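A.B. asks: Need coordinates for the following:
(chains A and B)
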Amino acid sequence: MFSGNLKSAVQNLRLSKWRTIFTMMGIIIGITSVVTVVSLGAGLKHQIVGQINQLGSDVLTVRPGKLLTKDGKATNLNLYAFLAPSTLTPRDVESLQGSELVNSVTPIEFITNSASSDNGEFNDLFIAGTSPNFAATLHQNVQYGDFFTDNDETSDSAVIGSDVALRLFGMLNPVGETIHIMGQDFIVRGVLAPTQGGLLSVAQADYNSSVFLPTKAAESLTAGHTNILQILIQVKKGTNIDHDVGVINSRLAQNHGGTGDFTVLKQDQLLGVSSQILNTITNFVTAIAAISLLVGGIGIMNIMLVSVSERTREIGIRKAIGATNRQILRQFLTEGLVLTIGGGLIGVVVSLIINVLLRLYTGWKPVISVPVMLLAVAVSVVAGVLFSLIPALKAARKDPIAALRGE
Amino acid sequence: MALIELDEVSKIFGFGDATTLALDEVSLSVEKGEFVAVMGPSGSGKTTLMNIIGLLDRSSHGNYSLGGSPVSRLKPNRQAKLRRDKIGFVFQFYNLLPHLTVLENVALPLAYKGMTPVRRAKRASDILELVGLRDREYYLPPLLSGGQAQRAAIARALVNRPSIIIADEPTGNLDSHDSRVVMEVLAEIHRQGNTILLVTHNPELTRYASRVIYMYDGMIAGDEQTAIGHMARHARRTYFKKQKATDDDIAAGVSAMLKDVPGTEVTTKAKRRKAKGRKRGLRTRGSKD
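C.D. replies: Predicted coordinates for the structure are as follows:
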C-alpha cells in the first residue's frame, strides 16, 4: 500500500510541477541554510581543534577574564570578557619567565589593525607583539627569512603572515622590504608559512593576515599601554601539569592582588572554551536559519490545504470505493513527505555545492558530515509529518457524500 | 434471510426550521439476485436511500442489516471496509480518477484491500474483459467515450465481487446507444447472480429490472414485481404521459415528435431533468391513487 501511495503522490505532484517546485523551495532554502551554517561551524571547530592539538599538551594558555567555573568547566559565554581591556600585564610575563617550571613564555599583545607599504594601506590586519620563541611554541614554520631573535628584541624587524605578504608586496620577495605601522618603519625579516585558522583560532586571529613585532617595539608603539590577549607557556617536560597550573595561578594571583581576573587553561580546557564560543554562535545562527525552515513548512501546509480542497471529489470517490479514513490520511501524508524529503535531499545537495564553492572562493572551510546530512533528512521527515498532518486529517475526515458532490 | 433488510429507516437533514425528512420510516427488503429499479421524482429520497444502503451515509433512525448482520451503527472505518468488500457504486458522472489509467482505476478498490499490484492488475484486467474494455486498459478516462467510461466504472464496482451493485442513474449522462450497451452489461451481471439497485428516471430501463420501487416524499409509494423484458406497469403510465410536450419544450420550439423514439431525448440535460422532476412528480402521485 505504501508503494502505491508513493507512486500516486509522485504522480499528483508531477501534475502541478511549478506548484511543487515552489512549495519545495521553502524547504530547500531552509535545509540548505541550516546545513550550511552547521557545516561552517563544524569546519571552524575542526580547524580550532587541529590548531589546539598542534599546540601540544605541554602548552598552557593564560587568558584575561574568568573563563572557568570552580570545577574546571567552561563558564557560559560572556561577551564582556572579550570587550574589556586585557588584565594581563608585562609584569605577568616577566614573573612567569622567572619560574623554573617554565620552558618558554610567549605573550601575544595586540597593537593595531592597520599597516601600509608602497602598495597601499590595509586596515584588516592583526598586528601583535610577541617574543622570539613564538614560532617554536606554536610549531609555526617560517617560509622565507627568519623569525626575529632575542638580539632583535628592540629592533625594527617584523615577521608577516602569508596573506599579508601577498597583499602588501604582491609577487615581490618581501624579506628586506619596509612596512609602516603607526608612523614607524619596520623591515620584514621573515614570512610565515600559510596556516589553517580563522578568526576564532588559538590567538583569536588569523596568522595569515598577521604581522608580528618584537615585544619591546610593540610597547614603544603603544606607549606602554599593553593589551596582552594571551600568554602561552610551555612548561618543562616531565612535570605534573596540574601542579604547574597551580603554581602559575598563584604566581599570577600575587601580581593581580589576589583577584581571579585571568584564567590558566590546559589544552583540553582551551578546547572547551573555544568550542563553547563557537557553539554559541553556531546555535544562534542555526536558530535563525531554522526560522526559514519553519516558514517553508508552513508554505507546505498551505499548499496541501489548497490541494485537499481542490481534490475533494477525488477524496469522495476514494471513500466511496472503500478507502478508510486512515488510508486517505496516509495518502496525503505521503504527499507531504515526498515534498519535504525531496526538498530536504535537494537542500543537502545544494549545501554540498555551496560547501565546495565556499572552499574554492573563500577562506572558510566548511565540513558537512554524514550525521549532519542524516539530521537534515530526519528534520525534513519530521517537518513533513508535522505540516501535512492537519491537511491530511482534514482530507481523511471529509464526509464522503458531501465530498462526492464536490463540496 | 434477505440480503438487504431496512426496518423503518428515517433520515433527517438539517436542524430546526430547516429540517428535511429525506426518508420517512422506509422498510424494504431485497433478496439476493434481484434487479431493483428505483424511480421517483427529484427530491423523493432515492439517492439518500442508496447512500444509506451503500453505507456512505447512516440513518437517523431505524435499523439496517446487510447480509444478516446489523450495519447501521458501525464505526466509519468498519463501514468503509464493508463498502469496499460488499458494495459497488456506479455513478451518473462515472467518477473515475482522471489521472489514473482505466486499469488503475478499476484496480483501486483492490489496492485499498491490500492486494499486491500484480494480482490486482490481473483481476482488473479480467473484469475489463467482461465489460469489453480490455483494449482500453491503458487509456486515461478523459479519452474514453461516455459509454466506455461508464463500463469502466461498472468494472470498478465489480472488481471486489460485491454483494450489491448500486447504480445511481448510470445512463443519465449517456446517449441511447451507450445507455443500451451499459444496461446490457448490467443485465449480464444480473444474469450471473448479482444483486443490482438501479436509480433511474427513464421508464424504459425498467425492462431490465425484476422489481420496481417508486419513491415519493421519502416514502416508498409503490413496489411492483415485473418480468424482465417488460416495462413496469406504473412506469409505462408515466412513460406515455411523459411524451407530451412540456410548456418549456414548446417555448423552446422543440418538437414533441422527436421524443417519441425512446431514449433519443434532444433536450439539454438540465432542461430534461427540470421537466422530468416537475411533470413526473405530479404523475407519480397520480399513479399512486
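
A.B. asks: Spell out the secondary structure type for the closest residue to chain B within the stretch 201-350 of chain A.
C.D. replies: Closest approach between the stretch 201-350 of chain A and chain B, counting by C-beta to the nearest C-beta: A:Gly322, at 2.3 Å. Backbone N, C-alpha and C define where each C-beta goes, glycine included. Assigned with DSSP: H, G, I helix; E, B strand; the rest coil, A:Gly322 falls in the coil class.

A.B. asks: Three-state assignment for the closest residue to it other than its chain neighbours, please.
C.D. replies: Nearest-residue entry for A:Gly322: B:Arg84, 2.3 Å, with adjacent residues in sequence omitted and distances by C-beta to C-beta, 6 or more residues apart in numbering or on different chains. For B:Arg84, the assignment made with three-state DSSP gives helix.

A.B. asks: cool, A:Asn302 as well?
C.D. replies: helix.

A.B. asks: Longest strand in chain A, by number of residues?
C.D. replies: Of all segments of type strand in chain A, defined using DSSP state E, the longest is strand A:102-112.

A.B. asks: List the buried residues of stretch B:27-35.
C.D. replies: Of the residues in stretch B:27-35, those scored as buried under the neighbour-count criterion (16 or more other C-beta atoms under 10 Å in any protein chain shown) are B:28, B:30, B:34-35.

A.B. asks: for B:Asp126, what are its contacts?
C.D. replies: B:Asp126 makes contact with no residue under the criterion C-beta atoms under 8 Å, 6 or more residues apart in numbering or on different chains.

A.B. asks: And the one 10 residues further on, by the same measure?
C.D. replies: B:Arg136 makes contact with B:102, B:128, B:144, B:148, B:152 under the criterion C-beta under 8 Å, 6+ apart.

A.B. asks: Repeat that for A:Ile233.
C.D. replies: Taking C-beta under 8 Å, 6+ apart as the definition of contact, the neighbours of A:Ile233 are A:59-62, A:96, A:102, A:104-106, A:248.

A.B. asks: per-residue pLDDT, it?
C.D. replies: Reading off the per-residue confidence, A:Ile233 sits at a pLDDT of 87.

A.B. asks: How about it: what's its closest non-neighbour residue?
C.D. replies: In space, A:Ile233 comes closest to A:Leu60 once its chain neighbours are excluded; the distance is 4.5 Å by C-beta to C-beta, 6+ apart.

A.B. asks: Check the contact between that neighbour and A:Leu265; I expect there is one.
C.D. replies: Yes: between A:Leu60 and A:Leu265 a contact is recorded at 6.7 Å, counting by C-beta atoms under 8 Å.

A.B. asks: Check the contacts of B:Arg136 and tell me the two furthest apart.
C.D. replies: B:Leu128 and B:Leu144 (11.7 Å; C-beta to C-beta).

A.B. asks: In terms of packing, which of these two has more residues around it?
C.D. replies: Taking neighbours as other C-beta atoms under 10 Å in any protein chain shown, B:Leu128 and B:Leu144 compare with B:Leu128 leading, 25 against 18.

A.B. asks: That one: which element?
C.D. replies: Secondary structure assignment for B:Leu128, by DSSP states H and E: helix B:117-130.

A.B. asks: and the next helix or strand after that helix, what does it pack onto?
C.D. replies: With elements assigned by DSSP H and E, the helix or strand that comes after helix B:117-130 is helix B:146-158. Identification of packing neighbours for helix B:146-158 by 3 or more C-beta pairs under 8 Å, 6 or more residues apart in numbering or on different chains; DSSP states H and E yields strand B:87-90, helix B:102-113, helix B:117-130, strand B:164-168, helix B:176-191.

A.B. asks: let's go with 10 Å and repeat that
C.D. replies: Other elements packing on helix B:146-158 under the criterion 3 or more C-beta pairs under 10 Å, 6 or more residues apart in numbering or on different chains; DSSP states H and E are helix A:312-320, strand B:87-90, helix B:102-113, helix B:117-130, strand B:164-168, helix B:176-191.

A.B. asks: where's A:Leu339 relative to A:Ala396, distance?
C.D. replies: Going from A:Leu339 to A:Ala396 by C-beta to C-beta, to the nearest Å gives 18 Å.
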